[in-house]
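# below are the sequence and a predicted model for it; my questions follow.
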Amino acid sequence: MAVIFSKIGIIGGGISGLAAAKQLAQYEPLVLEATDSIGGVWKHCSFRTTKLQTPRCDYEFSDYPWPLRDNTSFPSYTEILDYLNSYATHFDLFKFIKFNSRVIEIRLAADNYSLLSGEPVWEVAVQTSDNIQWYSFEFIVVCMGKYGDVPIIPKYGKNKGPEVFKGKVMHSQEYSKLNEDESCELLKGKKVVVVGYKKSAIDLAVECAQANQGEEEEGEGCCTMVVRTSHWIVPHYSIWGLPFYLFYSTRFSQFLHQRPNQGTLRNLLCLLLSPARKATSKMIESYLLWKLPLIKYGLKPDHPFEEDYASCQMAILPDTFFQEADKGNINFKRASNWWFWEGGVEFEDKTKLEADLVILATGYDGKKKLRDVLPQPFSTFLELPSGIMPLYRGTINPYIPNMAFMGYVESVSNLHTSEIRCKWLARLIGGKFKLPSREKMVEQIKTETEIMKKTTRFYKRTCISTFSINHSDEICEEMGWSSWRKKSWLAEAFSPYNSRDYQQPHTVLN
């Protein structure tokens, strides 16, 4: 079968894939989407109660505002899918997308790594329903994402795994495939154990409680969350009556935090301002301890709030979470280690928990997805010893030619984070600027990694939330844009940034 050639290939039709297709539309890219629809994690890893964690005005493409964008409610996953489909339709992106096309292998096709030289650099094997087709590309944008496909399953000792348990065990990924009737039927009247305490686990616990409204048999229809590390959870975006963005999402607030390439004077200032950073974190913690029964349920984290924010671990609570806990429908068990016994789950303190169903909300291994398709030696360059992916501007791996990675850096708004990098990538491919040397890119990556290490113990995930504005500043400057995007000094200092601040200047061409 002949190899089909295209200049640019985009792997994945989620948020990052759509943003890449829009920004690279002039090259008529081929978007390879493994499923039958766009949406990525919002389509394939969401539950019926899943909602966006940020206001909709902070989660939109710069040139396509939400309808009723000032609506203060958090949109549901179905609303987000409607928005993404509307965006793709408006910009005629569906013509680029080949659905039900799973990438199973990538191999190097040439030694010439020049950008868009006219010669293929990569060959990609794509599994469709009835065959395997090979494509060749000059440049590949990998938008496979960190979530979905490869669930993280805990490892157990001999005779301590799911095989000894007489109930049902499933990962949250499997649960997300169920419709509302199926999920309610699965949870109703069951003793459920949810392993985890991040957003997916919290949503699962609430769904379990909702499915068992009206259950009156004692001990039936309840959910117990197994919590290894408690993280700070937030009921809404207001702290002591002040909007949350004032604390971390303005130039003024981020001036208190370390950022890459800040120089000796800024290092000294950050040291002198460290009491202000700690005071901000303590202020938020005091509000959360007052507002939420974290101490009552043994859920007060052992680390400052700032560390969760700096590692993108903060979760927004569903409205009824602690109401259900107060009713006894959601219980909590703090434990570092656990394993199965025939009737449920056992812990290192010798206590046992009976269960009919155990759901593992233990996350996904996004890097394994990449390692499985990339050839050697490139697959060995995907991870630093710290666990962070080495990506210059969150996009380019200095050791992998003619390839970009989107969706592997987190911030307050992952949509904005991906879109601005896609704009940057389009200008790089279009020859508007050139990459620095490999050595300089590696040094920049090391600098950002050190900042994350100093800010939070959870630095193994690449999160730029405490220096996101500076990060965007550097991207703008590299593209030849002004880094200050507001209309006044006052707005620059105290207004939050969002995607609309980064609309394309009329003086810069694609």
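Received, thanks.
# so Ile8 belongs to a strand, correct?
Yes. According to DSSP: H, G, I helix; E, B strand; the rest coil, Ile8 belongs to a strand.
# who's in contact with the spatially closest residue to it that is not a sequence neighbour?
Nearest non-adjacent residue to Ile8, counting by C-beta to C-beta, 6 or more residues apart in numbering: Pro29, 4.1 Å away. No exception for glycine: its C-beta is placed from N, CA and C like everyone else's. By C-beta atoms under 8 Å, 6 or more residues apart in numbering, the contact set of Pro29 is 6-10, 20-21, 96, 141.
# ok, residues contacting stretch 107-124?
3, 5, 7, 9, 11, 27, 32, 103, 105-106, 125, 134-140, 375, 378, 401-403, 428-429, 431.
# if you count neighbours, what's buried in that stretch?
Neighbour-count burial for stretch 107-124, counted by 16 or more other C-beta atoms under 10 Å, picks out 108-110, 120-124.
# please apply the same query to stretch 261-271.
Going by neighbour count (16+ other C-beta under 10 Å), the buried part of stretch 261-271 is 262, 270.
# swap in stretch 23-39?
Those would be 23-25, 27, 29-35, 38-39, for stretch 23-39 by 16+ other C-beta under 10 Å.
# quick one: end-to-end length of it, please.
End-to-end distance for stretch 23-39: 17 Å, by C-alpha to C-alpha, to the nearest Å.
# in the protein, where is pLDDT below threshold?
Residue ranges of the chain with pLDDT under 70: 1, 214-221, 505-510.
# how does it divide up, domain by domain?
Listed by automatic domain parsing, the domain ranges of the chain are 4-149+365-502, 162-235+292-360.
# nearest to Phe247, out of those?
domain 162-235+292-360 (8.5 Å; C-beta to C-beta).
# Val227 reaches Lys300, doesn't it?
No. Val227 is beyond contact range of Lys300, at 11.3 Å (criterion: C-beta atoms under 8 Å).
# neighbour count: those two, which is higher?
Between Val227 and Lys300, counting by other C-beta atoms under 10 Å, Val227 is the more crowded of the two (20 against 15).
# excluding sequence neighbours, find me the nearest residue to the more buried one.
Nearest non-adjacent residue to Val227, counting by C-beta to C-beta, 6+ apart: Tyr197, 4.3 Å away.
# quick one on the thing from earlier: quick one: buried ones out of the contacts of stretch 107-124?
7, 9, 11, 27, 32, 103, 106, 135-140, 378, 401-403, 428-429.
# take these and keep only those in strands.
Per DSSP state E, strands hold the following members of these: 7, 9, 11, 32, 103, 106, 135-140, 403.
# so which residues of the stretch 201-350 of the chain form helices?
Using DSSP state H, counting those that start in this stretch, the helices of the stretch 201-350 of the chain run over 245-248, 251-254, 263-272, 274-291, 305-310, 321-326.
# in JSON lines, list those helices along with distance to Ile153.
JSON lines is the format used below for the helices of the stretch 201-350 of the chain (distance: least, C-beta to C-beta, whole Å):
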{"stretch": "helix 245-248", "distance to Ile153": "34"}
{"stretch": "helix 251-254", "distance to Ile153": "38"}
{"stretch": "helix 263-272", "distance to Ile153": "40"}
{"stretch": "helix 274-291", "distance to Ile153": "32"}
{"stretch": "helix 305-310", "distance to Ile153": "25"}
{"stretch": "helix 321-326", "distance to Ile153": "26"}
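# what's the most buried one of these?
Most buried of the helices of the stretch 201-350 of the chain by mean neighbour count (mean count of other C-beta atoms under 10 Å) is helix 305-310; its value is a mean of 24.
# ok, back up a step: got CSV for the buried residues of stretch 107-124, with secondary structure and distance to Val193 too?
Shown next, in CSV, are the buried residues of stretch 107-124 (DSSP: H, G, I helix; E, B strand; the rest coil; distance: C-beta to C-beta, whole Å):
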residue, secondary structure, distance to Val193
Leu108, strand, 46
Ala109, coil, 49
Ala110, coil, 52
Pro120, coil, 50
Val121, coil, 48
Trp122, strand, 44
Glu123, strand, 45
Val124, strand, 41
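# what about the nearest residue to Val41 once chain neighbours are set aside, neighbour count?
Spatially, and ignoring its direct neighbours in sequence, Val41 is nearest to Tyr147 (4.6 Å; C-beta to C-beta, 6+ apart). Residues near Tyr147, counting by other C-beta under 10 Å, number 21.
# over to the one 4 residues further on?
The local packing of Pro151 (other C-beta under 10 Å) involves 18 other residues.
# identify the bridge partners of the residue nearest to it when sequence neighbours are not counted.
Closest residue to Pro151 apart from its sequence neighbours, by C-beta to C-beta, 6+ apart: His171 at 4.2 Å. The partner list for His171 in beta bridges (DSSP bridges) reads Leu360.
# quick check: Gly407 touching Gly13?
No. Gly407 lies out of contact with Gly13 (C-beta under 8 Å); the separation is 11.6 Å.
# and these two? Which one has more around it.
Ranked by neighbour count (other C-beta under 10 Å), Gly407 and Gly13 place Gly13 first, with 30 against 27.
# from Asn212, how far out is that one?
Here the criterion is C-beta to C-beta, to the nearest Å. By it, Gly13 lies 36 Å from Asn212.
# His231 now?
Counting by C-beta to C-beta - His231 and Asn212 are separated by 26 Å.
# do the same with His44
26 Å.
# first-to-last residue distance for stretch 17-28?
Taking C-alpha to C-alpha, the first and last residues of stretch 17-28 lie 13 Å apart.
# try stretch 49-57
Using C-alpha to C-alpha, one end of stretch 49-57 lies 20 Å from the other.
# run the chain-centre distance for that stretch.
Distance of stretch 49-57 from its chain centroid, counting by C-alpha atoms, centre = their mean, to the nearest Å, is 13 Å.
# what's next to it, contact-wise?
In contact with stretch 49-57 (C-beta under 8 Å, 6+ apart) are residues 59, 65-66, 69-72, 74-77, 80, 199, 203, 206-207, 210, 237, 315-316, 318, 412-413, 498.
# give me the subset of those residues lying in strands.
Secondary structure defined by DSSP E assigns 315-316 of the contacts of stretch 49-57 to strands.
# any of the contacts of stretch 49-57 buried? List them.
Buried members of the contacts of stretch 49-57, counted by 16+ other C-beta under 10 Å: 59, 66, 74-77, 80, 199, 203, 206-207, 210, 237, 315-316, 318, 412-413, 498.
# that older thread, which of the contacts of Pro29 has the most neighbours?
Among the contacts of Pro29, Ala20 has the most neighbours (other C-beta under 10 Å), with 31 neighbours.
# what's in contact with the helix or strand encompassing that residue?
Ala20 is part of helix 15-23 when elements are defined by DSSP states H and E. Identification of contacts with helix 15-23 by C-beta under 8 Å, 6+ apart yields 10-11, 29, 31, 33, 38, 40, 42, 61, 84, 87-88, 91, 93, 96-97, 141, 143, 145, 406-407, 414-415, 418-419, 422-423, 425-426, 510.
# ok, 6 Å please
Applying C-beta atoms under 6 Å, 6 or more residues apart in numbering, the external contacts of helix 15-23 come out as 10, 29, 31, 88, 91, 93, 96, 141, 143, 406-407, 415, 418-419, 422-423, 426.
# stretch 449-465 now?
Residues external to stretch 449-465 that are found in contact with it (C-beta under 6 Å, 6+ apart): 258, 260, 307, 309-313, 387-388, 409-412, 471.
# ends of it, how far apart?
One end of stretch 449-465 to the other measures 13 Å (C-alpha to C-alpha).
# kindly report the same for stretch 21-39.
The first residue of stretch 21-39 is 13 Å away from its last residue (C-alpha to C-alpha).
# how far is stretch 42-57 from where the chain is centred?
Mean-position distance between stretch 42-57 and its chain equals 12 Å (C-alpha atoms, centre = their mean).
# give the closest residue to Glu346 in space, chain neighbours not counted.
Lys352 (4.9 Å).
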